[in-house]
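Provided below for reference: sequence and predicted model.
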Amino acid sequence: MICAGRRHLVRTLADLAAQQGIRPQTFLNRAAHKRAGHPAPISSESARTLLFDGEQVDAYLTGAPVPSLRSEDDDQDHDDDDLLDRREAAAALGVVPDSWRVYKRTPLLTEHVTVVGGVEHWPRRIVHHYRDSRPGLTASTGRPTGSGDQVPRDELLPRTTPLLDADPAVTATTVMDTLGVTRSTAQGALTRLRADRIADLIDTQTELSPKEAAAALGYPAGQVRRATVRAQAVLRARRTAPYLADVGAAMHHAGWTTTAAPPTVQHPTDDLVVAVLALDAQQAPAPALVWDERHGWRTATSRRHPLARGAALPPEGDGIRHLATGTTPPPDALTAALSA
């Protein structure tokens, strides 16, 4: 932390070396800044670039008493004009430092960033203002105010997309902290977005494997196991799309649907493709059809909830019929099976 009113006193390691008339590398080799009694850095703990207070350094070099300074760990006497680095700013929000890479792109924080000694800092009052104005999060911790997700389901992917655009290696923790959602929701959104982008890249560069496509997109290997599995399912769904469209058209031609829309593709698990078609015409032979890439077609007893838990294959009976043979029977064969 740079205490309010002391920005002009900040010195880098290079400044300290120049003050002592030696080269920076020589200064580092001698570890002069680590000698007993030398003033501690004013940078946050584990900071890569060390910054020092010039008044403290001057006093040390002349043998005078080194004046004390407030630190970010002090429980009182914080000043709104103190300058915080990314670790200190992240701590004020109650999030991990890596999350700050996304937060700092907020217009309010971008407008007030200041670089001191090559390190970005933000005024404490601006960080606190941003913290306290974030919707759906508590001011003290940055955590969701309720136990559930704070983002409507239909807004989740659109609001996660900019985070992934800004940082391909964005973590679920960052999405959690930024949007106020649970970890499982954040992980699911990132998996879906990454899987779609991996599939898009493979569509244009067919020689790539899912892992190679993920690496080309900048996705860390440890974060994309589920995404690469789902990407393969997405690609299978895209290859099946023309067939499913033909089935939708056949059901409409038979008078069992009010439109010729294709079945809706879903991925109840990351490695599975299913599709659902509501038969919404009054004379339809069943409420809905379900296609499963493993088992083919069956009828469903509910338009609202056509899939069994986990997309399990329900047994025949009580309105469930397994239709035709094979996983992709011709549409006319499917129509005939439904008419039987």
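Cool, got the structure.

give me every residue that touches G5.
The neighbours of G5, taking Cβ atoms under 8 Å, 6 or more residues apart in numbering as the test, are D81. C-beta: built from backbone N, CA, C; applies to glycine.

would you map the strands across the stretch 151-300 of the chain?
Remark: strands assigned in the stretch 151-300 of the chain by DSSP state E, counting those that start in this stretch are 264-266, 274-278, 288-292, 296-300.

what's the last one in contact with?
What it means is strand 296-300. So strand 296-300 is contacted by 276, 285-292, 306-307, 313-314, 319-329, 334, 337-338 (Cβ under 8 Å, 6+ apart).

and this protein, what are its domains?
Following the assignment in automatic domain parsing, the chain carries domains at 7-133, 153-223, 240-339.

still on that earlier bit, which of the contacts of strand 296-300 count as buried?
Burial by neighbour count, 16 or more other Cβ atoms under 10 Å: within the contacts of strand 296-300 this picks out 276, 285-292, 306-307, 314, 320-321, 323-324, 328-329, 334, 337-338.

so which of the strands of the stretch 151-300 of the chain comes closest to P123?
strand 264-266 (47.9 Å; Cβ to Cβ).

contacts for the closest one, please.
Contacts of strand 264-266 (Cβ under 8 Å, 6+ apart): 237, 241, 244, 273-277, 307.

which among those residues end up buried?
237, 244, 273-277, 307.

next, format those as JSON lines and append pLDDT and distance to R153.
JSON lines is the format used below for these (pLDDT from 0 to 100; distance: Cβ to Cβ, whole Å):
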{"residue": "A237", "pLDDT": "96", "distance to R153": "20"}
{"residue": "L244", "pLDDT": "96", "distance to R153": "24"}
{"residue": "V273", "pLDDT": "95", "distance to R153": "21"}
{"residue": "V274", "pLDDT": "94", "distance to R153": "19"}
{"residue": "A275", "pLDDT": "95", "distance to R153": "20"}
{"residue": "V276", "pLDDT": "95", "distance to R153": "17"}
{"residue": "L277", "pLDDT": "96", "distance to R153": "22"}
{"residue": "L307", "pLDDT": "84", "distance to R153": "17"}
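
which one of those residues is nearest to A90?
Once Cβ to Cβ is applied, the member of the buried ones among the contacts of strand 264-266 that ends up nearest A90 is A237, at 39.0 Å.

spit out the contact partners of the closest one.
A237 makes contacts with 265, 267, 273, 275, as judged by Cβ under 8 Å, 6+ apart.

excluding chain neighbours, what is closest to the residue most central in space within the chain?
Centroid-nearest residue in the chain: V175, 4.3 Å away (criterion: Cα atoms, centre = their mean). Among residues not flanking V175 along the chain, A186 sits closest, at 3.7 Å (Cβ to Cβ, 6 or more residues apart in numbering).

that neighbour touches L179, doesn't it?
Yes: if you go by Cβ atoms under 8 Å, A186 and L179 touch, sitting 7.2 Å apart.

same drill for the two, tell me which one is more crowded.
Per other Cβ atoms under 10 Å, whichever of A186 and L179 has more neighbours is A186, with 26 against 21.

quick check, pLDDT for that one.
The model reports A186 with a pLDDT of 90.

could you do D81 as well?
For D81, pLDDT reads 85.

next: H128.
On the pLDDT scale, H128 is placed at 87.

can you give me the neighbour number for the nearest residue to L208 once chain neighbours are set aside?
Using Cβ to Cβ, 6+ apart and skipping the chain neighbours, the partner closest in space to L208 is I202 (5.3 Å). Look at I202: counted by other Cβ under 10 Å, it has 21 neighbours.

list the contacts of I202.
Counted by Cβ under 8 Å, 6+ apart, I202 has contacts 208, 210, 213, 231, 235.

do A311 as well
A311 sits in contact with 268-269, 272, 274, 292, where contact means Cβ under 8 Å, 6+ apart.

10 Å - rerun?
Contacts for A311 (Cβ atoms under 10 Å, 6 or more residues apart in numbering) come out as 266-269, 272-274, 290, 292, 294-295.
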